[in-house]
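Enquirer: Just the structure for this:
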Amino acid sequence: MPCFYCGKGVLFGRSHTHHRGVAGGRWKKRAPKTQRIFEPNLQKVNVVENGEMFKIKLCTKCIKRIKKDTRDGIKPFVKLANLNIPAKEQTPSEE
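Expert: Next up, the predicted model:
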């Protein structure tokens, strides 16, 4: 199941060891490349929308974006139910 907001899902790729093989890089005994799946780091979070609370899956990059937007005083794309981050205070620049 992909991320609710950005749609990030599984990716297919190959993994291989960084090994040159035997006797100075002969191709006969080269390290094999095998197929593998790269899965996103999805987390279940509670979201409040229109007064209703429901669970969705978000990737950690989107959760990080929501927390930063909330901290900076920008309206995030969804409101997390159990997020208690105080807004950043504006400090005068020191000269």
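
Enquirer: need the strands for the chain, in chain order.
Expert: 11-16, 33-38, 42-49, 52-59, 79-80 (DSSP state E).

Enquirer: where does the chain have low pLDDT?
Expert: 18-30, 84-95 (pLDDT under 70).

Enquirer: hmm, 90 instead?
Expert: For the chain, applying pLDDT under 90 flags the ranges 1, 15-34, 49-51, 76-95.

Enquirer: List the buried residues in stretch 47-67.
Expert: 47, 56, 58-59, 62-63, 65-66 (16 or more other CB atoms under 10 Å). Yep, even glycine has a C-beta here, placed from its N, CA and C like the rest.

Enquirer: just curious, which of the residues you listed is nearest to residue 1?
Expert: residue 56 (9.8 Å; CB to CB).

Enquirer: for that closest one, what are its contacts?
Expert: 4, 44-45, 47, 78 (CB atoms under 8 Å, 6 or more residues apart in numbering).

Enquirer: What distance do you get for it to residue 81?
Expert: Distance, residue 56 to residue 81, by CB to CB, to the nearest Å: 11 Å.

Enquirer: Quick check: neighbours shared by these two?
Expert: 45, 47.

Enquirer: ok, back up a step: kindly reformat the strands of the chain as TSV containing distance to residue 71.
Expert: Putting those into TSV (distance: least, CB to CB, whole Å) gives the following:
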stretch	distance to residue 71
strand 11-16	30
strand 33-38	30
strand 42-49	16
strand 52-59	17
strand 79-80	12
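
Enquirer: Of those strands, which is nearest residue 73?
Expert: Counting by CB to CB, residue 73 lies closest to strand 79-80 out of the strands of the chain; the figure is 13.7 Å.

Enquirer: and that closest one, what other elements does it pack with?
Expert: strand 42-49, helix 60-72 (3 or more CB pairs under 8 Å, 6 or more residues apart in numbering; DSSP states H and E).

Enquirer: Now distance to residue 31 too, for the ones you listed, in JSON lines please.
Expert: Formatted as JSON lines, the helices and strands packed on strand 79-80 follow (distance: least, CB to CB, whole Å):
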{"stretch": "strand 42-49", "distance to residue 31": "31"}
{"stretch": "helix 60-72", "distance to residue 31": "31"}
